[in-house]
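Novice: Pasting a predicted model and its sequence here:
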Amino acid sequence: MGEPAKLLSGRVALVTGAGEGIGKAIALAFATHGAEVVVAEIRAESGERTAREIVASGGRALAVATDVREPEAVAEAVRSARQGFGGLDVLVNNVGGTFSRPFLEIEERGWDAILRTNLKSVFHGTRIAAPAIAERGGGSILNVVSIEGVRAAPSFAPYAACKAAVINFTCTMALELAPRCIRVNALAPDVCATEGVLRQVPEAALRRQARRVPLGRIADPAEIAGPAVFLASDLASYVTGVTLHVDGGTNAAGGWWRDDGGAWVLGPGPDPADAPPATAPGAKDRTAG
């Protein structure tokens, strides 16, 4: 028997923030499933490493140094997809980042920085990439958001507001872009073992965090990439306007967690003071690159 058909054969995908973490995992998974990948990453060396890894595995990729907060940079990444691979079929708006501070202590320039990284970057990517995707007869846009978009996030108010806005924007774009045969969906992870999280968060704190997840562990980036492949492929040809929670059941739990005896408890999780440091809805999201 021959090799099974790959889900994304013949597709060209642009993945932002693909130098590490969830973005890199998505880029690698897309390439494994046959896509040609444009790695759009602000840190040039990091993006080049991802592209080289894809090529070394027999795939096709190119890296473009891209600051997604700047529309001209996003336009250059889309031009690179056209010039390097003949067009664009899939956009993944993955870049995100934040910092921890009570809302009343944040200066306006702090809001603006978070808005540019988490919301305006999605606007830029969608506005610039959609016409290119439509030229190829349609395709898919995927926004990587966060569980923080659907629950309160003390000390991360602007970030959570941006993620909630992108969830709504996903629904609206699903309608507006449907006549162009472009499907628009979102993925909402919770805590994920990205390189950034593993650098910042002690192992013991991650184990305690895992107790808050119904499946009993934090995500591996590849577990976010699998659903991304599905949503970008023809297996999801009738799926648009959806936010898929890839969080081990955290959103469904709504505050329930298992105690030491395995019983379900509603209320504060184990040792809240020992939870991952407050820098990390970086833990629940991507690096800010």
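Specialist: That came in fine, so what should we check first? Only a predicted model underlies this, so the values are computations on that prediction, with no experimental measurement involved.
Novice: Could you tell me which residues within stretch 6-14 count as buried?
Specialist: Along stretch 6-14, these residues count as buried under the neighbour rule (16 or more other C-beta atoms under 10 Å): 6, 7, 8, 11, 12, 13, 14. In this view, the C-beta of every residue, glycine as well, is placed from N, C-alpha and C.
Novice: my bad, stretch 38-46
Specialist: 38, 39, 40, 41, 42, 46.
Novice: can you give me the helices in the stretch 101-250 of the chain?
Specialist: 108-115, 121-135, 157-176, 195-200, 203-210, 221-232, 250-253 (DSSP state H, counting those that start in this stretch).
Novice: so which of the ones you listed comes closest to residue 240?
Specialist: Across the helices of the stretch 101-250 of the chain, residue 240 has its closest neighbour in helix 157-176 (4.3 Å, C-beta to C-beta).
Novice: hmm, back to that, and the buried residues of stretch 6-14, which is closest to residue 83?
Specialist: residue 12 (11.1 Å).
Novice: which residues does residue 247 contact?
Specialist: The neighbourhood of residue 247, defined by C-beta atoms under 8 Å, 6 or more residues apart in numbering, consists of 147, 188, 189, 190, 213, 219.
Novice: what's the burial count for the fourth one?
Specialist: By other C-beta atoms under 10 Å, the residues close to residue 190 number 24.
Novice: Over to the second one?
Specialist: Counted with other C-beta under 10 Å, the burial measure for residue 188 works out to 24 neighbours.
Novice: looking at the chain, which helix or strand is least sure?
Specialist: Of all helical and strand segments in the chain, the minimum by mean pLDDT, DSSP states H and E falls on helix 195-200, at a mean of 79.
Novice: Flag every buried residue along that helix.
Specialist: 196, 197.
Novice: Would you pull up how far it lies from the middle of the chain?
Specialist: Distance of helix 195-200 from its chain centroid, counting by C-alpha atoms, centre = their mean, to the nearest Å, is 16 Å.
Novice: now stretch 67-78
Specialist: Stretch 67-78 sits 17 Å away from the centroid of its parent chain (C-alpha atoms, centre = their mean).
Novice: Can you report the mean pLDDT over the residues of that stretch?
Specialist: On average, the pLDDT along stretch 67-78 is 98.
Novice: repeat for stretch 211-220
Specialist: In the prediction, stretch 211-220 has an average pLDDT of 90.
Novice: going forward, begin numbering at 890 instead of 1
Specialist: Shifting the count to begin at 890 puts that one at stretch 1100-1109.
Novice: what about it, distance to the chain center?
Specialist: 18 Å.
Novice: Can you report how many residues lie near residue 1093?
Specialist: 10.
Novice: confidence score at it?
Specialist: At residue 1093, pLDDT is 83.
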